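S.K.: Need the 3D shape of this:
(chains A and B)
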Amino acid sequence: MKFDIGNVVKYSGEDLIFLIGCPGSRWSSVFLDLAKNEAVNTTEWREENKWDQPVQNVKGEHIKIGIHRGVYWGPGNTYGEGFDKLFAMSKPEILAEFMEPFENWDKIKVIKSHWFAYHIEYLQALFPKAKIVSCYANDIDSFYWWHKCGGWGMLFPNYTWYNDDSKMLEQIKEENYRILKFNRDRNVTFNLLSTNEFYKNLGLPASENSDEGKLKCEVAIYDGSYISNFGHIIR
Amino acid sequence: MQLKMNLKFDIDLDKYEGEDLVFLIGTPGSKWSHAHIIMCEHPDLNKSDWSEVKHWDSKGENIHGVVKNTGGHRGAYWGPGNMYGQNFGRLDLLSKKEFVKEFMDAFENWDGIKIIKSHWFAYNIDYLNSVFPKAKIVMCYSGDIESFYWWIKSGGWGLGYANYAWYEDDVRMLEKIKEENGYILKFAIDRDLDFDLLPRSILFDKVGLRKTKLNTRTEIEQHADPRVKCKIAVYAGGYVSNFNHLRPSDSYLFEKRRKNEI
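M.R.: Numbering: from 1, shown residues only, chains lettered A, B, ... in the order given. A predicted model of the protein is given here:
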């Protein structure tokens, strides 16, 4: 393993944040907000792992949307090739994939992958102390926004696993369904948070520089605590 | 197959070439209904197919939080699952008489210009044009993803009118939008037509509607001249050879252009 973390079996992912969202959900914007925090490790950022989609807004101003930075783990990308079958990977194999792009293992590491949506329970079982940030924008809005941000013309990250529009739409629906299901079953709600509320809920230091603007998509934060599905009966 | 049937209104079917028809074609979500509503502002348009049951307004909040109409459906929509044109899924199986019967059934009278709108026309515009060579064909185009998105935003599967059950689900809807857009583009490009965001007055002129205050230059300056919300190409039935560029002097249109008649 690239970095020494001691006993892999005992490692519970306490310094990890898993970021999950379907293509076009604006999860990358949430990632950028996370990466602004001084407690987050951004040593995985590279010049070649970068994408901006220039567009005109309704006022005719040239702006950039679909800003992609850092590593996107998953099939077709540099790291996380086997993440569509995460259940077939062992904890050390998954950890090795996480570590590979980072230059050091200090601070909080944000690991983002669309394919986590298909295996959230397994991920949580392996790394029970990691925070799970789920991003949600409904199916059609996500599909539309992904196209607006460059769609199949996007150079980074790689979306070839999704094949074509039909499969993209189907997979967005499936990813969104699984994300909703996981959070709903744990009584975790989706909210449009301000940046500092977001930091606070994740236990990250508040930033004086961060403006009080809202995140660009609704997020749910699961911190690994146990919530019984029968809570309402016992109560 | 020629069925024994009477037409609702009396016309000489053998001589009838659709000279009082406008075929409106566009995919779901292309904002083609806006083109329909704009065209219907002309007094010569027959709106006797409009009724309370053939009516739908989609409501949505704009970016300022104000509730507005995001789409309006008026009059008959011909096609499978709808009141008229149930058999339009296979246009090539229909005779001229069967077409005309379906068109007429929706109207209370046969006066003026009739707009016949159907998504399914996209699948065989050539056949439609050969059966009704004097009808105008108004084609709307908004791109696949834009159309799909706008259709969902305008109500999608929750739209109370028209009926979209033929499209089954989102994935098939997207596939069919792509297919319909492909046919529309092909037909227009093969005839050298451009898609433009037209003001109402120009649309009226292109469709050949009589001059009124809505499309007379001096009057327009005193009135609003709203643009249709989607790009439109109008085919007026003229013959345009695909080989124009090889022998331009033989072309009827070239001659008209040379004489500044168009």
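
S.K.: wait, what's in contact with the nearest residue to B:T216 once chain neighbours are set aside?
M.R.: Of all residues not flanking B:T216 in the chain, B:S201 sits nearest, at 7.9 Å (C-beta to C-beta, 6 or more residues apart in numbering or on different chains). Using the backbone N, CA and C atoms, a C-beta is placed for each residue, glycine as well. Applying C-beta atoms under 8 Å, 6 or more residues apart in numbering or on different chains, we find B:S201 in contact with B:L214, B:N215, B:T216, B:R217, B:I220, B:D225.

S.K.: my guess is the first one meets B:I202, correct?
M.R.: The one in question is B:L214. No: B:L214 lies out of contact with B:I202 (C-beta atoms under 8 Å); the separation is 11.0 Å.

S.K.: which parts of the stretch 1-150 of chain B sit against chain A?
M.R.: Residues of the stretch 1-150 of chain B found near chain A (C-beta under 8 Å from any C-beta of the partner chain) are B:D144, B:I145, B:F148, B:Y149.

S.K.: Narrow these to just the buried residues.
M.R.: The neighbour-count test (16 or more other C-beta atoms under 10 Å in any protein chain shown) applied to the residues of the stretch 1-150 of chain B next to chain A identifies B:D144, B:I145, B:F148, B:Y149 as buried.

S.K.: Show me the strands in chain A, by range?
M.R.: Here chain A has its strands, by DSSP state E, at A:16-20, A:40-41, A:50-56, A:62-69, A:108-112, A:131-136, A:218-222.

S.K.: Could you tell me the least trusted of the ones you listed?
M.R.: Ranked by mean pLDDT, those bottom out at strand A:50-56, with a mean of 85.

S.K.: Just the CA atoms of it, as CSV, please.
M.R.: Provided in CSV are the C-alpha atoms of strand A:50-56 (Å, rounded to 0.1, in the frame of the first residue of the first chain):
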residue,chain,number,x,y,z
LYS,A,50,-9.5,19.0,-15.3
TRP,A,51,-12.6,20.1,-17.3
ASP,A,52,-14.5,23.4,-17.7
GLN,A,53,-17.5,23.8,-20.0
PRO,A,54,-17.7,27.4,-21.3
VAL,A,55,-21.2,28.6,-22.0
GLN,A,56,-23.3,31.8,-22.1
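
S.K.: Name the spans of the chain whose pLDDT lies under the cut-off.
M.R.: This is for chain A. A:209-212, A:226-235 (pLDDT under 70).

S.K.: Chain B was what I was after
M.R.: B:1-4, B:63, B:218-223, B:238-258, B:261-262.

S.K.: Try it again at 80.
M.R.: B:1-5, B:60-65, B:70-71, B:190, B:215-223, B:237-262 (pLDDT under 80).

S.K.: picking up where we left off before, could I get the strands of chain A as a markdown table with distance to A:D33 and mean neighbour count?
M.R.: As requested, those are exported to a markdown table (distance: least, C-beta to C-beta, whole Å; neighbours: other C-beta atoms under 10 Å in any protein chain shown):
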| stretch | distance to A:D33 | mean neighbour count |
| --- | --- | --- |
| strand A:16-20 | 11 | 23 |
| strand A:40-41 | 10 | 18 |
| strand A:50-56 | 16 | 13 |
| strand A:62-69 | 11 | 15 |
| strand A:108-112 | 10 | 23 |
| strand A:131-136 | 10 | 24 |
| strand A:218-222 | 10 | 22 |
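
S.K.: near chain B, which residues of chain A show up?
M.R.: So chain A meets chain B at A:D139, A:I140, A:F143, A:Y144, A:H147, A:G151, A:D165, A:S166, A:L169, A:E170, A:K173 (C-beta under 8 Å from any C-beta).

S.K.: The fifth one contacts A:G24, doesn't it?
M.R.: Read that as A:H147. Yes: contact criterion C-beta under 8 Å: A:H147 and A:G24 qualify, at 7.5 Å.

S.K.: Restricted to strands, list the residues of the stretch 1-150 of chain B next to chain A.
M.R.: Going by DSSP E, the strands hold none of the residues of the stretch 1-150 of chain B next to chain A.

S.K.: between those residues, which is closest to A:I179?
M.R.: Among these, B:Y149 lies closest to A:I179 (C-beta to C-beta), at 21.0 Å.

S.K.: ok, so what distance separates that closest one from B:L214?
M.R.: 31 Å (C-beta to C-beta, to the nearest Å).

S.K.: what distance separates stretch A:61-76 from the centre of its chain?
M.R.: Averaging C-alpha positions (C-alpha atoms, centre = their mean, to the nearest Å) puts stretch A:61-76 12 Å from its chain's average.

S.K.: A:F31: what's it in contact with?
M.R.: If a contact means C-beta under 8 Å, 6+ apart, then A:F31 has A:L19, A:R69, A:G70, A:V110, A:K112 as its contacts.

S.K.: Could you find the closest non-adjacent residue to the residue of the stretch 151-262 of chain B found nearest chain A?
M.R.: Nearest to chain A, among the residues of the stretch 151-262 of chain B, is B:I152, at 4.5 Å (C-beta to the nearest C-beta). Counting by C-beta to C-beta, 6+ apart, B:I152 lies nearest to A:I140, which is 4.5 Å off, once chain neighbours are set aside.

S.K.: For the spatially most central residue of chain B, what is the enclosing helix or strand?
M.R.: Residue closest to the average C-alpha location in chain B (C-alpha atoms, centre = their mean): B:L24, at 0.7 Å. For B:L24, the host element (DSSP states H and E) is strand B:21-25.
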